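K.L.:
requesting a structural model of the entry that follows:
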Amino acid sequence: MASVTTNVRLEYRDTSGNLLRAQSGKQVVVELQRVGFRGKTQLSLAFPAKEVCLPVEPPMSLHAARTQDGIMSLCFMRARLHPTGPIMSLQLMLSEADPEQLIKLRDIVDMILMRALGKPLQPLCPNKPQGQNPVASLKRKASNMAAPSMSTFSTESRQSGWSASSKGPPAQDQEELPPLTPEQQAVLDLIKAGKSVFFTGCAGTGKSLLLRHILRALPASSTFTTASTGLAACALGGTTINAFAGIGRAEGSLDVLKAAAAKGDSARRWRQATTLVVDEVSMVDGSLFDKLESIARHVRKSQQAFGGIQLVLAGDFHQLPPVTKGKEGMAARRFCFESPAWWKCVNASLQLHRVFRQADSEFVDILAAIRSGACSKAVLADLQRRCSRELDTSDGILPTKLYTHREDVDLINKQQLEALSSEAVRFACMDAGSTDILKTACPARTVLELKVGAQVMLLRNISARRGLVNGSRGVVQRFAGGTLKLPVVRFANGEVSTVGKERWSVAAGGRLLGSRMQIPLDLAWAMSVHKSQGMTLDRVEVCLERAFEAGMAYVALSRVKSLEGLRLLGGIHPHALTADAKVVKFYKTLQQNEGDSRAWPSR
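P.N.:
Predicted coordinates:
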């Protein structure tokens, strides 16, 4: 559920408050766990000698005024460590913890206790700045309870609360976001004004950050977060656009799809939505976009464009295009901007120009040329010459190999893990809600197998302050804890961290559809180019000899921050270096009309 590695002091007291004994430990893994078929929760303390488990249930108090300093304490007022043991008062003090992980632990404990008291958490206003106000203490009377009261704490950094009936999802991430640049703020201002907006930019221009700001500024109950792929959707805590629409694989006639969308939960979503966010819109086929627009008008019984729903569309059409099957599918493929509905719905299109991922201006220029399909033979030859050498792996962290085909990736990761002689440790996920959605949307494995020496990659941000973000590379050094083993990973930036379980949530319109608890790591000897889209990787080796899509070379090469972290294996298939002529024309038009809102359709 949540875990943190911290210094611990546990004091055992009798019911009169007299100290009986104390137990201390440094760098102890503290983890929330569900136990038993009734789903009760305990706090596991992995002391070296013996694991101690404390029941998380009222009456207890939570003192969290200094979580930002890595300090928190919990008081278990009437705890019984064994069914036949005496009732005691336990004081647990945590110190020198990672503040972000401690805040996450605090918030989940708070939620569990509020559920136990039958008082659902109230969502905080999403339009208020996040992470600015100090921790506020909210004391609530515990009705019909033996203990007189319980203290809980919440901060403005929690994006939204959720009740026992799952009417709202927990926050997907809670760290304070970096500020926006003026061009990013201009996009947000248009969206807050109610405009339907498409924003784009090359890799590393902060599209994902801007999306997170946008989601915090919009009302959760009527904003539906989607993406063209399950992985992109899960990163934002949403669903695929097909799942939102209720049309499955979008097979069948338009009338069949309309009938499916007008039933049950899908109809409720369509009618409830005021804003629809679609990330990686470049991978949505134009014909599907037309169908979605028609379905929106049909279900909402409105002749306004997209049934009156505000659209927030993000993506880069120079990256991977809509997925199709066979040559016939590729021939019939249309981009979203080729859809008549696109020009009817989108009020404004804006480009982000500032590149954050790469600081090397020469590398930025090379990537820009590859993106637009204008990379000369001389530039390509120079790139291949400079990136043919082996990368520095003296820290034990090998580069991730990017391949165009998934079967290559699976085979390499399997073979490399089996080649390690150390003992395997398996981590099973804990799922709640729709398992079908989680299978397609969640990047975390159902069962993760790791060994000492395994090359791994983070699947989500766990501490932006320490540089431990989605895509960070590392190697498993050991496993910490007794019965509860957690991987200790040394990352490429020098950070060493015990990685506990994290939760991924899939939600729609403030309603939780499913969640998965799992170690946020995956094997990283190899990865597919498709899966890498949107990530920043520390070092990669790229194999593009079997590339089959325009834009593949650009997506793969733009994952790294500098040429020092890039190695090319073999040649590059010419098709991977091409840019679709329709995309080039679209961006040329966009650039010509930039800053002139009259050039873009308005409704």
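K.L.:
residue closest to the middle of the protein?
P.N.:
Geometric centre of the chain, nearest residue: residue 235, 2.7 Å, by CA atoms, centre = their mean.
K.L.:
ok, residue 539 to residue 371 distance?
P.N.:
In this view, residue 539 and residue 371 are 21 Å apart by CB to CB, to the nearest Å. Just so you know, the C-beta spots here come from the backbone N, C-alpha and C atoms, and that holds for glycine as well.
K.L.:
higher neighbour count, the two?
P.N.:
residue 371 (24 against 21; other CB atoms under 10 Å).
K.L.:
quick one: contacts for that one?
P.N.:
The contact partners of residue 371, taken as CB atoms under 8 Å, 6 or more residues apart in numbering, are 202, 203, 318, 551, 554, 558, 579.
K.L.:
residue 317 now?
P.N.:
200, 282, 335, 336, 337, 580, 583, 586, 587.
K.L.:
residue 284 now?
P.N.:
228, 241, 278, 322, 336.
K.L.:
and the strands in the stretch 501-603 of the chain, which stretches?
P.N.:
Remark: strands assigned in the stretch 501-603 of the chain by DSSP state E, counting those that start in this stretch are 502-508, 511-518, 521-523, 526-528, 540-544, 566-572.
K.L.:
which one of these lies nearest to residue 438?
P.N.:
strand 511-518 (4.9 Å; CB to CB).
K.L.:
list the strands paired with that closest one, with their directions.
P.N.:
strand 430-433 (antiparallel), strand 502-508 (antiparallel) (DSSP bridges).
K.L.:
show me the shaky parts of this structure.
P.N.:
Along the chain, the model assigns pLDDT under 70 to residues 16, 36-39, 114, 116-175, 324-332, 482-483, 509-510, 548, 594-603.
K.L.:
who are the packing partners of the helix ranked longest in it?
P.N.:
Longest helix of the chain, by residue count under DSSP state H: helix 99-116. Judged by 3 or more CB pairs under 8 Å, 6 or more residues apart in numbering; DSSP states H and E, helix 99-116 is in contact with strand 2-13, strand 19-35, strand 60-63, strand 72-79, strand 149-154.
K.L.:
packing partners for the third one?
P.N.:
Under the contact criterion of 3+ CB pairs under 8 Å, 6+ apart, strand 60-63 touches strand 72-79, helix 99-116, strand 149-154.
K.L.:
the longest helix of the chain vs strand 502-508, what angle?
P.N.:
Inter-element angle recorded for helix 99-116 and strand 502-508: 60 degrees (by axes from the mean of the first three to the mean of the last three CA atoms, to 10 degrees).
K.L.:
now helix 99-116 and strand 2-13, what's the angle there?
P.N.:
Using the same axes, to 10 degrees, helix 99-116 lies at 70 degrees relative to strand 2-13.
K.L.:
by how many degrees do helix 99-116 and strand 19-35 diverge?
P.N.:
80 degrees.
K.L.:
quick revisit: which stretch among the strands paired with strand 511-518 comes nearest residue 189?
P.N.:
Closest to residue 189 of the strands paired with strand 511-518 is strand 502-508 (CB to CB; 25.7 Å).
K.L.:
does residue 77 really touch residue 60, like I thought?
P.N.:
Yes. With contact defined as CB atoms under 8 Å, residue 77 and residue 60 form a contacting pair (5.7 Å).
K.L.:
quick one: which of the strands paired with strand 511-518 is nearest residue 253?
P.N.:
strand 502-508 (25.3 Å).
K.L.:
could you pull out the buried residues of the closest one?
P.N.:
Under the neighbour-count criterion of 16 or more other CB atoms under 10 Å, strand 502-508 has 502, 503, 504, 505, 506, 507, 508 buried.
K.L.:
now swap in stretch 458-465 and tell me
P.N.:
458, 459, 460, 461, 462, 463.
K.L.:
and for stretch 448-460?
P.N.:
So, applying 16+ other CB under 10 Å, buried residues of stretch 448-460: 448, 450, 451, 452, 454, 455, 456, 457, 458, 459, 460.
K.L.:
so the first one is in which element?
P.N.:
Assignment of secondary structure by DSSP states H and E places residue 448 within strand 447-450.
K.L.:
which helices and strands sit right next to that strand?
P.N.:
strand 425-428, strand 521-523.
K.L.:
what's the most buried one of these?
P.N.:
For these, average neighbour numbers computed from mean count of other CB atoms under 10 Å are highest in strand 521-523, which has a mean of 22.
K.L.:
thinking again about what came up before, and of the buried residues of strand 502-508, the nearest to residue 40?
P.N.:
Of these, the one sitting nearest to residue 40 (CB to CB) turns out to be residue 503, at 17.6 Å.
K.L.:
quick check: bridge partners of the closest one?
P.N.:
Going by DSSP bridges, residue 503 forms beta bridges with residue 517.
K.L.:
next up, the contacts around it.
P.N.:
Counting by CB under 8 Å, 6+ apart, residue 503 has contacts 1, 2, 170, 515, 516, 517.
K.L.:
tell me how far it lies from residue 112.
P.N.:
13 Å.
K.L.:
and if you look at residue 239?
P.N.:
With CB to CB as the criterion, residue 239 and residue 112 are 26 Å apart.
K.L.:
what do you get for residue 254?
P.N.:
Going from residue 254 to residue 112 by CB to CB gives 46 Å.
K.L.:
gap between residue 559 and residue 357?
P.N.:
Residue 559 is 8 Å from residue 357, by CB to CB.
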